[in-house]
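**Q** need coordinates for the following:
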Amino acid sequence: MNTADKVRAMVQPICDELELFLWDVRFEKEGATWYLKVLIDKDGGVTIDDCERATKPISDLLDEKDPISQSYVLEVGSPGLGRELRLPEHFIVCIGDEVRVRTIRPVNGEREFIGILYSYDKNEFVIAQSEDEADRLTFKTSDCAYVKLNDDQF
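**A** As a prediction, this is how the structure comes out:
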């Protein structure tokens, strides 16, 4: 289990108690600094107050359990409008939303696609580029550089 997975398991009960959806946990190095990013969401969107309410108990728990040996900066925030879909639950809750897909290798000469997330099943998803069934494209998540909500629509 990597650091992000350990922290996810630890902070999930806090998010549940605060009625927040734990969107993602990332442990990333930017320059010389490590960041632990806890991304939360809720119906209607996350406010600064939600982030503040979650930060203290998460920080206290991390101080108590000390699951990360090196120093890091804790950030609790929203995944944003153009949030990345990385986990099965991300795909499931975003069915019906417009997404932007960038593939690792070209598909029919293209690497970027926009469409409505039509379905998801076991690391494979379908987007609909129009109402016509012929305009549905199937992708494996492993073949994608990223899948994000299309923030151009907001």
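**Q** and the pLDDT for residue 154?
**A** On pLDDT, residue 154 comes in at 45.
**Q** looks like residue 91 contacts residue 120 (just checking).
**A** Yes - here residue 91 lies in contact with residue 120, judged by Cβ atoms under 8 Å, at a distance of 3.8 Å. For the C-beta atoms, the positions are set from N, CA and C on the backbone; glycine is no exception.
**Q** thought residue 37 was touching residue 75, still the case?
**A** Yes - counting by Cβ under 8 Å, residue 37 is a contact partner of residue 75 at 4.9 Å.
**Q** the two: which is more packed in?
**A** With neighbours defined as other Cβ atoms under 10 Å, residue 75 and residue 37 compare such that residue 37 has more, 19 against 13.
**Q** now the more buried one. Nearest residue, chain neighbours left out?
**A** Closest residue to residue 37 apart from its sequence neighbours, by Cβ to Cβ, 6 or more residues apart in numbering: residue 26 at 4.4 Å.
**Q** how about the secondary structure of that neighbour?
**A** Here residue 26 takes the strand state, with states given by DSSP: H, G, I helix; E, B strand; the rest coil.
**Q** please apply the same query to residue 56.
**A** Using three-state DSSP, the structure places residue 56 in helix.
**Q** can you check residue 69 too?
**A** Under the three-state scheme (three-state DSSP), the conformation of residue 69 reads as coil.
**Q** tell me who's in contact with the closest residue to residue 55 other than its chain neighbours.
**A** In space, residue 55 comes closest to residue 76 once its chain neighbours are excluded; the distance is 4.5 Å by Cβ to Cβ, 6+ apart. Residue 76 makes contact with 38, 40, 51, 54, 55, 58 under the criterion Cβ atoms under 8 Å, 6 or more residues apart in numbering.
**Q** residue 126 touches residue 119, doesn't it?
**A** Yes - taking Cβ under 8 Å as the definition, residue 126 is a contact partner of residue 119 at 4.7 Å.
**Q** tally of neighbours for the residue nearest to residue 37?
**A** Burial of residue 26 is recorded as 16 neighbouring residues (other Cβ under 10 Å).
**Q** please report phi then psi for residue 122.
**A** The main-chain torsion angles of residue 122 are listed as degrees, to the nearest 10 and equal phi 50, psi 70.
**Q** give me the distance between it and residue 91.
**A** Distance of residue 122 to residue 91, given as Cβ to Cβ, to the nearest Å: 10 Å.
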